[in-house]
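Undergrad: Sequence plus predicted model, see below.
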Amino acid sequence: MSTSTPAPLPRASALIDGAALVGRSFRIITRRPEAVISAVIFPLVFALLFLAVFGRVMERQGFVYEQYLLPAIVIQATIFGAIGASILASEDAQGGMCHRLRSMPISRTAAVVAPLGGELIRTVISLAVLIAAGYAMGFRFERGVGLALVFVVVALGCTVAFGLGYLVLGYALGKVEPVRAIAMLVYYPLLLVSSLFVPARAFPDWLQPFVDQQPLSRVSDALRALSTSGTQDVGETVLIAVAWLVGLTVCFALLAPRAFGRSR
Amino acid sequence: MTTTSIPQSAGSVVPSPSLITDTLALAGRGVRGMLRSPVALAVTAAFPVILLVLLSVSFADLVMPGAGYAAYVDYTVPLFAAMGITFAAASTATAVHADRTSGYDDRLRTLPISPVAPLAGQVLADGLRNLASVVIVTGVGVVLGFRFGSLPLDVLGYFALPLVYVFGLAWVMVALAVHARSADGVIAMANVVMLVLSFLSTGFVTIDDLPGWAQPLARVNPVTQLVESMRGFAGSGGEVGDHVLGVLAWTVGLTVVFGLIAVRGLRRERRR
C-alpha cells in the first residue's frame, strides 16, 4: 500500500504574496472609470474651482493662493486614496474574498494591506499629475529638491496612516454603501474645519484650537513649510505632522489585522 | 370551436389604467425606496447641511471681513440648498439606471398602467425628496442667521423655484442613465460637472470677486440664476424677475433637449 505523501505546503512570503495581491487591487482600480476620475480629475477640478472662486478674496488677505492651496489639494488626493482602500476592503469582505484569503497559506499581512497598496500606486500617479498641474498654475517648491522629496514622503505617509484607518472601517463594516457614507462623514469635517483651504485665524475663536491641532491641519502646515519659503520652524512643524502620522499608523496597523480576521 | 379573444366572464375585469392612481402608487414606491436607503437619505439631508455649516464657518471672515458669520450664512443658504438638490439629482440617475437594468422597467411595460405613470411617479417622488432637502437646509440656515424679509408669496417662490430647476436637471440625469453602461462612472462624471456649476456661480462670492474669465460663465450658470432668484425671494437680493426667467429658460431648454435624448434612448431600448 502506497500512501502518497502530501505536497509540501507552499511557504507564505509577505513580499511575493503582497505583490500579487497589490497587483490585483491596482487592476481593479484601473478598470473603473470613476477611479481615474476621482484620482486625477476631481482634485484638479477642486483646485481650479477654489483658485477661481476664492483666489481674489485670499489675495486681498495677503496670501498667494496658488502656493497656499496646492498642499490642500495634495492632501485631498491622498485621502481619496485612503477612502478608496476602505471601499476595496469592504468589497472584499462583502464578496467573500476575505474568507478565501484567510483560508489560503499566504501571508496575513499581505492580505490585510493589499487594498492600501493598490491605492498607494494610484496616489503616486495623482500626486505626479497634481504637482505638474500646480506648477502650471504658479505653485513652486521654493525650498529645493531635498525638501520637495520630504513633501512627497509626508503626503504618501498621509495615505498610509489614514488608509490603514479606513481599512479598519472597510473590514469592520463589510458593506460598501455604509462604508462610503461613514468615510465621507469622517472626512468632510476634518477636511473643512482645518487650515487646508483657509488659515486657522479665519475661524471663530472657539474653533481655532481644534483647527490648529487636528491632524490634517498639522500635515498641511508641514507640507506648506516644506514647499514655501518664509515659514518658520520647518523642523518642528514637520516633526509634529510626522508624529501624528506615525501614531495613527501604529494604532491602525494594530487594529487592521483584527478587523480583517473578524470580517464576514 | 377555438376562440382567440379573452373570455369576458363576469369576475375578471380588465383594469383600466389611471394616470393619477398609477402615478401615486409608483411615487409611493419611490419614496419608500428612499426612506429605506439610509445612505441616500444621509446624502440628501446631511450633505448640504455639513457643507453649509463647515464652508460658511471657514470662509465667512475672508469673504465678508467684519460682517460676521450670520451675515455670510444669510448670503450662502440659497447656494447650499441649490447644491443639495443638484447633487441629489445624481440619485435619480442611479434609480433610473437600476430600474432599467434590473428588468423592473420591462415588468412595468407588461402591466396595464398608464404609460406616463413610471416617469411621473419618479418625478413626484424626487420632488418630495428635493422639497425636504431645501426645507432642511433652510431650517438649519435660519438657526444660523438666514432670514426671510418678505411676503408669504415670495416665500412660496423660494421653495417652488428650486423644484422647477431640478426638474430640468433630472432630465439630464435620466438621459445619462438611459445611455450609460455603468452607473458609477456616470455619477462620478456628473459630480464633477455639478461641482463646477455650484462653484463657478455667485453662490460663495460676488460676481466681482470671480476672475475675469469666469464671470461670463457665472452669469449664465443656472445655479447663479437660481441662487439669485432665491436671494431675491428671501428679501436679501435685488431684482428677481430676470433671474426667475433665467431659471425657467434653463428648465425648458434642458427638458426639451435631454427629454428628447432620454425618450430616444428608451425607445431604442424597447425595440431590443
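TA: Cool, the structure landed. Being a predicted model, the structure only gives us computed values, none of them experimental. Residues are numbered from 1 along each chain as shown, chains lettered A, B, ... in the order given.
Undergrad: secondary structure element for the residue nearest to A:Ala39 when sequence neighbours are not counted?
TA: Nearest non-adjacent residue to A:Ala39, counting by Cβ to Cβ, 6 or more residues apart in numbering or on different chains: A:Ser126, 4.4 Å away. The C-beta positions use only the backbone N, C-alpha and C, and glycine is treated the same way. Counting by DSSP states H and E, the element that carries A:Ser126 is helix A:108-137.
Undergrad: Okay, buried residues for that helix please.
TA: A:109-120, A:122-123, A:126-127, A:130-131, A:133-134, A:137 (16 or more other Cβ atoms under 10 Å in any protein chain shown).
Undergrad: Show me where the stretch 1-150 of chain B has its helices.
TA: Assigned by DSSP state H, counting those that start in this stretch, the helices in the stretch 1-150 of chain B fall at B:19-35, B:38-63, B:69-101, B:104-110, B:117-144.
Undergrad: residue contacts, the closest residue to chain B within the stretch 151-264 of chain A?
TA: Nearest residue of the stretch 151-264 of chain A to chain B, counting by Cβ to the nearest Cβ: A:Leu192, 3.7 Å away. A:Leu192 sits next to B:50-51, B:54-55, B:58 when contact means Cβ atoms under 8 Å, 6 or more residues apart in numbering or on different chains.
Undergrad: ditto for B:Tyr104
TA: By Cβ under 8 Å, 6+ apart, the neighbours of B:Tyr104 are B:Ala98.
Undergrad: Looking at it now. What's its pLDDT?
TA: pLDDT recorded at B:Tyr104 is 87.
Undergrad: one step back: just checking, what packs against the helix holding A:Ser126?
TA: helix A:14-30, helix A:42-60, helix A:65-95, helix A:97-102, helix A:145-173, helix A:234-262 (3 or more Cβ pairs under 8 Å, 6 or more residues apart in numbering or on different chains; DSSP states H and E).
Undergrad: hmm, 10 Å instead?
TA: helix A:14-30, helix A:33-36, helix A:42-60, helix A:65-95, helix A:97-102, helix A:145-173, helix A:234-262 (3 or more Cβ pairs under 10 Å, 6 or more residues apart in numbering or on different chains; DSSP states H and E).
Undergrad: Restrict the fifth one to CA atoms and write it as CSV.
TA: What it means is helix A:97-102. Provided in CSV are the C-alpha atoms of helix A:97-102 (Å, rounded to 0.1, in the frame of the first residue of the first chain):
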residue,chain,number,x,y,z
MET,A,97,-12.6,37.4,-0.9
CYS,A,98,-11.6,37.9,2.8
HIS,A,99,-12.9,34.4,3.6
ARG,A,100,-10.9,33.0,0.7
LEU,A,101,-7.7,34.8,1.6
ARG,A,102,-8.0,33.7,5.2
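Undergrad: List the buried residues of that helix.
TA: A:97-98, A:101.
Undergrad: for the third one, same thing?
TA: The neighbour-count criterion (16+ other Cβ under 10 Å) identifies A:42-55, A:57-58 as the buried residues of helix A:42-60.
Undergrad: residues in contact with the closest residue to chain B within the stretch 1-150 of chain A?
TA: Closest residue of the stretch 1-150 of chain A to chain B, Cβ to the nearest Cβ: A:Glu34 (3.6 Å). The neighbours of A:Glu34, taking Cβ atoms under 10 Å, 6 or more residues apart in numbering or on different chains as the test, are A:41-42, B:182-189, B:191.
Undergrad: ok, 8 Å please
TA: B:184-185, B:187-189.
Undergrad: cool, A:Val113 as well?
TA: Applying Cβ under 8 Å, 6+ apart, the residues contacting A:Val113 are A:18, A:164, A:167, A:256.
Undergrad: so which of those comes closest to A:Pro209?
TA: Within those, the smallest distance to A:Pro209 is 26.4 Å, found for A:Leu164 (Cβ to Cβ).
Undergrad: Report the two of the buried residues of helix A:42-60 separated the most.
TA: A:Phe42 and A:Val57 (22.8 Å).
Undergrad: Thank you, goodbye.
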